[in-house]
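Undergrad: Take a look and give me a structure for this.
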Amino acid sequence: MSGGDKLPVLAFPAPSTPRPRAADPRQLARAAEALRQAIEGKAEFGRPEEGPPDLGASMPEESFTPVGIPRGHSPRAKAQNGLPGISRIGAPADTAARRILSLHLPHFAIERWQLQAARGGETLPEGTPLALALEGPHGPVIHAVNGAARAMGLGPGARVVDMRAICPDLRTAFADPRADAAALQRLMLWARRWCPWTAVDGADALVMDITGADHLWGGEAMMLEDIETRLASLGLTMRAAIAPTRGAAWALARFGAPHAICGAEDLASRTDPLPATALRLDPATVQLLDRLGLSTIGALRAVPRLSLARRFRATAAEADPLLRLDQLSGRRPEPVDSPDDPPRFAVQARLAEPVIDPVPHLPALAEALCTALVAAGFGARRLALALYRTDGEVAQAQAATSQPSHDAAHMVRLFEGRLDGLDPGFGFDLITLAALVAEALPPRQRHLDGATEGAEDLARLIDRLSARFGVRALTRPRPAPSHIPERQTLWLPALHVSPHRF
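TA: Down below sits the predicted model:
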């Protein structure tokens, strides 16, 4: 290239913005501190796919309804907070505020079978070994055993033909896991006599969130005593524990002292001596931990978190010791997954002795429920009356209204003739009246002469006729947009059509 072909060298223009300066040492220090906390697990927000909680939002103070149900803890309220289905990742104060009760029924299957056999008149001589069996790949396998068979060394998982060599007098019967699951589901509903948040935990246990409900029974110790007494009257053996987290309550109920009550400050000292299987891990993971010399929760807690995260990378919770350890200590939330949302408005009447007829107690319950509804500015749309029987069953009756109502006399009339079909069994000692669906009902101005609106009288008439003859028996027309004359009117159940639409 000749000198004339050379391009001129142009000077770059001066930058319009100043060059970036060195980072602020204070920002570097904060970033290093955040990285250190992330490695140690102090700033962990859950799995990678989960977003961090809104730490800037202020947590509202808990308030309770007349029956001890904390407001704002329902699944719907939790979903509105940004984390659907789970509560916020709790600080130590939130963890200490929760009280979870784990109710373990170790011999539920065999005790339920014995109870059913006794009701049918079939009783075994005392000391006779009995085993419930299920079909296995190589013949029947023991599912559950009674006390006599347990004393002879028999246990679940062994083949029946092998155990007959040890115990020739062994009596066997086929187990019914579906019936056991249905009975446990009914027992879960019956356990709501103690608190509104109850759920099934596996095949032989219940979990209950008793936060704000223990004072109704004189404290946690008195609540455990009442639970044991009532379950013993049903012929059920139980082990229970109360702790700030669900994982700790589960571990103490199975491997701790009987009727253990653990506070937030004693959580580590009470759970460290327990075996690693108390973390609800699968047998393969427990065996691997035992080979590594981590046979207790305390030994596992002493291992650096980063080492556990690198060694155990599993998607299943049963194979992740770090996840289970965080659930036990309260680092990760594990709420009680109740199958339905407890009602916000509910009242109950405890009876000193079991009774058969609930009608005399209904007016007082309706008055108490309406008082709570009026104070909150609500009206009931669907009512549920529950009778807690002494034999572990719950009998229920429901009624609905066409518009929100807090008229106690009208509520009582809706249950006329509907309680005759309820089976009281051997009697019931607890009655609960709840508003399953409630809507806002602001106070209305009445006429100057004190007369009521005609729409209210019509709504009460619709409610009573629908309760007496059925929801589908009473219909009313509703206009529909259609150019075909015979399709311009829809006949819908009168109970579900608001009178304001006409």
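
Undergrad: Strands along this protein, start to end?
TA: 100-104, 130-136, 139-145, 171-174, 197-200, 205-209, 239-243, 260-261, 345-355, 378-389, 394-405, 428-440, 475-479, 489-493 (DSSP state E).

Undergrad: Output these in JSON lines; the columns should cover distance to Met411.
TA: To be clear about C-beta, it is placed using only N, CA and C from the backbone, and glycine gets the same treatment. Below are those laid out as JSON lines (distance: least, CB to CB, whole Å):
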{"stretch": "strand 100-104", "distance to Met411": "32"}
{"stretch": "strand 130-136", "distance to Met411": "46"}
{"stretch": "strand 139-145", "distance to Met411": "45"}
{"stretch": "strand 171-174", "distance to Met411": "47"}
{"stretch": "strand 197-200", "distance to Met411": "25"}
{"stretch": "strand 205-209", "distance to Met411": "29"}
{"stretch": "strand 239-243", "distance to Met411": "36"}
{"stretch": "strand 260-261", "distance to Met411": "39"}
{"stretch": "strand 345-355", "distance to Met411": "11"}
{"stretch": "strand 378-389", "distance to Met411": "6"}
{"stretch": "strand 394-405", "distance to Met411": "7"}
{"stretch": "strand 428-440", "distance to Met411": "8"}
{"stretch": "strand 475-479", "distance to Met411": "22"}
{"stretch": "strand 489-493", "distance to Met411": "20"}
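
Undergrad: could you dump the ones you listed to CSV with mean neighbour count, distance to Ala299 and mean pLDDT?
TA: Formatted as CSV, the strands of the chain follow (neighbours: other CB atoms under 10 Å; distance: least, CB to CB, whole Å; pLDDT from 0 to 100):
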stretch, mean neighbour count, distance to Ala299, mean pLDDT
strand 100-104, 25, 23, 96
strand 130-136, 18, 36, 91
strand 139-145, 21, 33, 91
strand 171-174, 14, 41, 90
strand 197-200, 21, 31, 94
strand 205-209, 24, 26, 95
strand 239-243, 25, 20, 95
strand 260-261, 21, 21, 94
strand 345-355, 15, 46, 90
strand 378-389, 21, 44, 90
strand 394-405, 19, 44, 85
strand 428-440, 19, 45, 90
strand 475-479, 14, 69, 75
strand 489-493, 13, 63, 75
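
Undergrad: The ones you listed: which one's closest to Ile110?
TA: Closest approach to Ile110 among those (CB to CB): strand 139-145, 4.2 Å.

Undergrad: hang on, the earlier thing: and the strands of the chain: which comes nearest Glu334?
TA: strand 100-104 (8.6 Å).

Undergrad: what lines up beside the closest one in the sheet?
TA: strand 205-209 (antiparallel), strand 239-243 (antiparallel) (DSSP bridges).

Undergrad: hang on, isn't Thr237 packed against Leu103?
TA: No. Using CB atoms under 8 Å, Thr237 is not in contact with Leu103, being 11.2 Å away.

Undergrad: any idea how far Pro339 is from Leu234?
TA: Applying CB to CB, to the nearest Å, the value for Pro339 to Leu234 is 22 Å.

Undergrad: and the closest residue to Ala205 other than its chain neighbours, how far is that from Phe255?
TA: Once flanking residues are discounted, Ala205 sits nearest to His104: 4.7 Å by CB to CB, 6 or more residues apart in numbering. Distance, His104 to Phe255, using CB to CB: 10 Å.

Undergrad: again with Gln398
TA: Taking CB to CB, one finds Gln398 at 42 Å from Phe255.

Undergrad: Let me know whether the residue nearest to Ala205 touches Arg239 as I believe.
TA: Yes. With contact defined as CB under 8 Å, His104 counts as touching Arg239 (4.5 Å).

Undergrad: any idea which helix or strand of this protein has the worst average confidence?
TA: helix 75-80 (a mean of 36; mean pLDDT, DSSP states H and E).

Undergrad: Contact partners for the residue nearest the centre of the chain?
TA: The residue lying closest to the centre of the chain (CA atoms, centre = their mean) is Ser338, at 2.5 Å. Ser338 sits next to 196-199, 209 when contact means CB atoms under 8 Å, 6 or more residues apart in numbering.

Undergrad: number of nearby residues for Pro424?
TA: 17 (other CB atoms under 10 Å).

Undergrad: on that earlier part again, show me which of Pro339 and Leu234 is the more surrounded one.
TA: Ranked by neighbour count (other CB under 10 Å), Pro339 and Leu234 place Leu234 first, with 15 against 10.

Undergrad: what's the spacing between that one and Leu124?
TA: Counting by CB to CB - Leu234 and Leu124 are separated by 19 Å.

Undergrad: what bits of the stretch 401-502 of the chain have low per-residue confidence?
TA: Residue ranges of the stretch 401-502 of the chain with pLDDT under 70: 444-458, 460-474, 494-502.

Undergrad: Stretch 292-312: which residues count as buried?
TA: Residues 294, 296-297, 300-301, 303, 305, 308-309, 312 are the ones in stretch 292-312 that count as buried (16 or more other CB atoms under 10 Å).

Undergrad: Please enumerate residues in contact with it?
TA: Outside stretch 292-312, the residues that reach it (CB under 8 Å, 6+ apart) are 39-41, 251, 268, 271-276, 278-279, 285, 289, 319-322, 325, 328.

Undergrad: Likewise for stretch 272-289?
TA: In contact with stretch 272-289 (CB under 8 Å, 6+ apart) are residues 247, 250-252, 254-256, 271, 290, 294-301, 312, 314, 316-319, 321, 324-325, 328.

Undergrad: cutoff 6 Å now
TA: Stretch 272-289 has contacts (CB atoms under 6 Å, 6 or more residues apart in numbering) with 251, 255, 295, 297-298, 318-319, 324.

Undergrad: follow-up on the earlier one: which two from the contacts of Ser338 end up farthest apart in space?
TA: Pro196 and Ala199 (11.2 Å).

Undergrad: Next up, phi/psi of Leu281, please.
TA: Main-chain torsions, Leu281, degrees, to the nearest 10: phi -100, psi 160.

Undergrad: Start and end of stretch 303-323, how far apart?
TA: Stretch 303-323 has its terminal residues 14 Å apart, counting by CA to CA, to the nearest Å.

Undergrad: Also stretch 232-243?
TA: 23 Å.

Undergrad: Give me the distance between it and the centre of its chain.
TA: Stretch 232-243 has its average C-alpha position 18 Å from the chain's average C-alpha position, going by CA atoms, centre = their mean, to the nearest Å.

Undergrad: same check, this time on stretch 243-260
TA: 17 Å.

Undergrad: Show the contacting residues for Glu111.
TA: Residues in contact with Glu111 (CB under 6 Å, 6+ apart) are 235-236.

Undergrad: Would you mind checking the contacts of stretch 292-312 for buried ones?
TA: Counted by 16+ other CB under 10 Å, the contacts of stretch 292-312 give 41, 251, 271, 274, 276, 278-279, 285, 289, 319-322, 325, 328 as buried.

Undergrad: Out of the residues you listed, the closest to Pro129 would be?
TA: The closest of those, once distances to Pro129 are taken by CB to CB, is Ala278, at 29.6 Å.

Undergrad: Got the confidence number for that closest one?
TA: Listed pLDDT for Ala278 reads 94.

Undergrad: Please apply the same query to Ser329.
TA: According to the prediction, Ser329 has pLDDT 92.

Undergrad: So what's the residue count around it?
TA: 20.

Undergrad: Nearest residue to Leu234 in space, please, no chain neighbours.
TA: Per CB to CB, 6+ apart, closest to Leu234 is Gly392, 4.9 Å.

Undergrad: which residues does the one you found contact?
TA: 187, 190, 234.

Undergrad: Neighbours of Trp217, how many?
TA: 18.

Undergrad: From His259, how far off is the closest residue to it other than its chain neighbours?
TA: In space, and not counting its chain neighbours, Trp217 is closest to Met223: 4.1 Å by CB to CB, 6+ apart. Applying CB to CB, the value for Met223 to His259 is 10 Å.
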